[in-house]
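*Asks:* Take a look and give me a structure for this.
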Amino acid sequence: MNSRTRVLVVEDEAPMRKFLRTALSTHDFEVYEAETASEAMERITTQPPDIVLLDLGLPDGDGIEITKKLREWSKVPIIVLSARGLESDKVQALDAGADDYVTKPFGVGELLARMRVAMRHRGEAVGEVKQLISAGDVVIDLARREVKARGNDVKLTPIEYRLLVMLVKNAGKVLTHRQLLVEVWGAAYANQTHYLRVYTAQLRRKIEVDAAQPKNLLTESGVGYRFRAPES
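*Replies:* Numbering: from 1, shown residues only. Okay, here's the model as predicted:
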């Protein structure tokens, strides 16, 4: 890590923010802060950090959701700093895409060491993830979480959005029912194929010219779904 590594501290407790700001600034980090989940996402998209220190309990949301949203388009290192010490909390955060989990209280030396490891693992590729993806008539701005179909804005629910992103990222490939259910809903929903039927129908109504005769979101009978590749 160089002397001007940009650290975003997402923490709603002022004393903790002050502690981290003082400790990190002393070690030549450039520190900026967010107190809420919405502020954090705005900061991340407008002032991309080199690493994020993230509290889980925020006034307007949970750090797990921030992690999931961020992992849709960015590989920036995320270290969770939380008073929650249960193994289940740690597993959930790491499964969502966090690089590490540090339980409060913690020492500055330990935090710095974990930051070095997270940065080293992510390497120099941080920030190089493509923010726009497209297939067929659909374009997704991953940073802004905006979707357009044939140039028109499309409003999606969080589940619809996650499902569409996975399909478009894998355009041209057949994704099985199980793959989609596990990735979008979680392992506990691996056999709930009716969820897919409902949500793909909703997506088609929003992105297809004719939902009854889809040209983009295609069904692979008995297997899963495929999003039409741009060249097909």
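
*Asks:* Please identify the helix or strand for residue 43.
*Replies:* Per DSSP states H and E, residue 43 falls inside helix 37-46.

*Asks:* just checking, what packs against the helix or strand of the chain with the lowest mean pLDDT?
*Replies:* None of the helices or strands of the chain scores lower by mean pLDDT, DSSP states H and E than strand 132-135, at a mean of 82. Applying 3 or more C-beta pairs under 8 Å, 6 or more residues apart in numbering; DSSP states H and E, we find strand 132-135 packed against strand 138-141, helix 158-169. Any C-beta I mention is one placed from the backbone N, CA and C, and that applies to glycine too.

*Asks:* Dump these into JSON lines; add mean pLDDT and mean neighbour count as well.
*Replies:* Shown next, in JSON lines, are the helices and strands packed on strand 132-135 (pLDDT from 0 to 100; neighbours: other C-beta atoms under 10 Å):
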{"stretch": "strand 138-141", "mean pLDDT": "89", "mean neighbour count": "20"}
{"stretch": "helix 158-169", "mean pLDDT": "90", "mean neighbour count": "20"}
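
*Asks:* Just tell me which of those ends up closest to residue 217.
*Replies:* Nearest of the helices and strands packed on strand 132-135 to residue 217, taken as C-beta to C-beta: helix 158-169 at 6.6 Å.

*Asks:* what distance separates that closest one from the centre of its chain?
*Replies:* Distance, stretch centre to chain centre, for helix 158-169: 12 Å (C-alpha atoms, centre = their mean, to the nearest Å).

*Asks:* Domains in the chain, by residue range?
*Replies:* 6-125, 132-227 (automatic domain parsing).

*Asks:* For the protein, which residues score under the pLDDT cut-off?
*Replies:* 1-3, 123-130, 231-232 (pLDDT under 70).

*Asks:* quick one: the helices in it?
*Replies:* For the chain, the helices defined by DSSP state H cover 14-26, 37-46, 63-71, 87-96, 108-122, 158-169, 177-184, 193-207.

*Asks:* the inter-axis angle of the fourth one versus helix 63-71?
*Replies:* What it means is helix 87-96. Relative orientation of helix 87-96 versus helix 63-71 (axes from the mean of the first three to the mean of the last three C-alpha atoms, to 10 degrees): 10 degrees.

*Asks:* Tell me which residues of helix 87-96 come out buried.
*Replies:* 89, 90, 92, 93, 96 (16 or more other C-beta atoms under 10 Å).

*Asks:* Against which helices or strands is that helix packed?
*Replies:* Contacting helix 87-96 under the criterion 3+ C-beta pairs under 8 Å, 6+ apart are the following elements: helix 63-71, strand 78-82, strand 100-103.
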